[in-house]
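Participant: For reference, the sequence and a predicted model appear below.
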Amino acid sequence: MRKTLNTKLLAQHFEFNPMPHLMLDNAKSIARMYSIMENCISVLSDLRTRKSYIYNGAVANLLGLSADQTEITSIWEDELLNKVHPEDLEKKYRLEFDFFQLLNTIDVADRTDYQVITKLRIKKKDGKYAFVQHRLIYVASSEDGSIWLALCLYNLIFDHPEFEIPQGVILNNRTGKIIKDNENRFGTLLSLREKEVLQLIKHGRRSKEIADKLSLSINTVNRHRQNIFRKLNVTNAMEACKVAENTGL
């Protein structure tokens, strides 16, 4: 799933205004402030240059991570991600893929109204797991609408019976509405007919063969194909099949 998400994120065009460094500097200041105020691990990723800036608050020591500010040549903070329980990591990537798909359907100005919240088990330096809340917010886009700067925040979850974190949700911060949760994220993305068409595409059937098999016109089949590509944010049948398999469709 990460490979598919990585491909989609980095395949964007990233057309820029003359002074993108000003927005980057502001985003760095925000990321640093979060790490100080919330004692969290704050990771700002620049998808265009494929770099990340990591600001480790006090929780980093609990997880056996250095307290130093670091810059890495990757959009993935693997020193931390390698400590996440494998089941939770896959859940995280799947929900973030869905988040990327969602943001490409809404106005660029509204993107910062949304975030992903995921509950993760992360291994501490004593070898035991701690529950951590992970938040993902895309804080800036380039002029062509490419999603550019991503902010990830890792906070220790309070050990209190009344303090609950959802397993995984996409949330609208402005309205408080949960857009999708980790249980139903892809179940209704495609219609039953679109799933049938995609299944036949996966088995190598051409549009004429699919039309004959499902008793449809070839124009209807082609319309279903285009709807599938649009909903999955892909450009060809091979990529559609890969995304569908990785997301459990």
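Facilitator: Done, it's in.
Participant: Show me what counts as buried in stretch 193-207.
Facilitator: Under the neighbour-count criterion of 16 or more other C-beta atoms under 10 Å, stretch 193-207 has E194, E196, V197, L198, L200, I201, R205, S207 buried. In short, each C-beta sits where N, CA and C put it, glycine included.
Participant: What is the distance between the lowest-mean-pLDDT helix or strand in the chain and the centre of its chain?
Facilitator: Within the chain, no helix or strand scores below strand 178-181, which has a mean of 74 by mean pLDDT, DSSP states H and E. How far strand 178-181 lies from its chain's middle: 14 Å, per C-alpha atoms, centre = their mean, to the nearest Å.
Participant: list the buried ones in it?
Facilitator: Neighbour count says strand 178-181 has K180 buried, by 16+ other C-beta under 10 Å.
Participant: Partner strands of it, with direction?
Facilitator: strand 168-172 (antiparallel) (DSSP bridges).
Participant: With just CA atoms, put the strand it pairs with into PDB.
Facilitator: Extracted in PDB, the C-alpha atoms of strand 168-172 (Å, rounded to 0.1, in the frame of the first residue of the first chain):
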ATOM      1  CA  GLY A 168      -8.800   5.700  12.000                       C
ATOM      2  CA  VAL A 169     -10.900   8.500  10.600                       C
ATOM      3  CA  ILE A 170     -10.900  11.400   8.100                       C
ATOM      4  CA  LEU A 171     -12.300  14.400   9.900                       C
ATOM      5  CA  ASN A 172     -13.500  17.800   8.800                       C
END
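Participant: Name the residues that touch that strand?
Facilitator: 91-92, 95, 98-99, 102, 113-119, 177-182, 185 (C-beta atoms under 8 Å, 6 or more residues apart in numbering).
Participant: how far does that strand sit from the chain's center?
Facilitator: With C-alpha atoms, centre = their mean, you get 11 Å for strand 168-172.
Participant: Could you give the average pLDDT over it?
Facilitator: Average pLDDT, strand 168-172: 90.
Participant: which parts of it are buried?
Facilitator: Neighbour-count burial for strand 168-172 flags G168, V169, I170, L171 (criterion: 16+ other C-beta under 10 Å).
Participant: Quickly note the distance from the nearest residue to I36 once chain neighbours are set aside to K124.
Facilitator: Spatially, and ignoring its direct neighbours in sequence, I36 is nearest to G57 (6.6 Å; C-beta to C-beta, 6 or more residues apart in numbering). To K124, G57 is 15 Å away according to C-beta to C-beta, to the nearest Å.
Participant: Same question for C152.
Facilitator: 19 Å.
Participant: Who has more neighbours out of these two?
Facilitator: With neighbours defined as other C-beta atoms under 10 Å, C152 and K124 compare such that C152 has more, 25 against 16.
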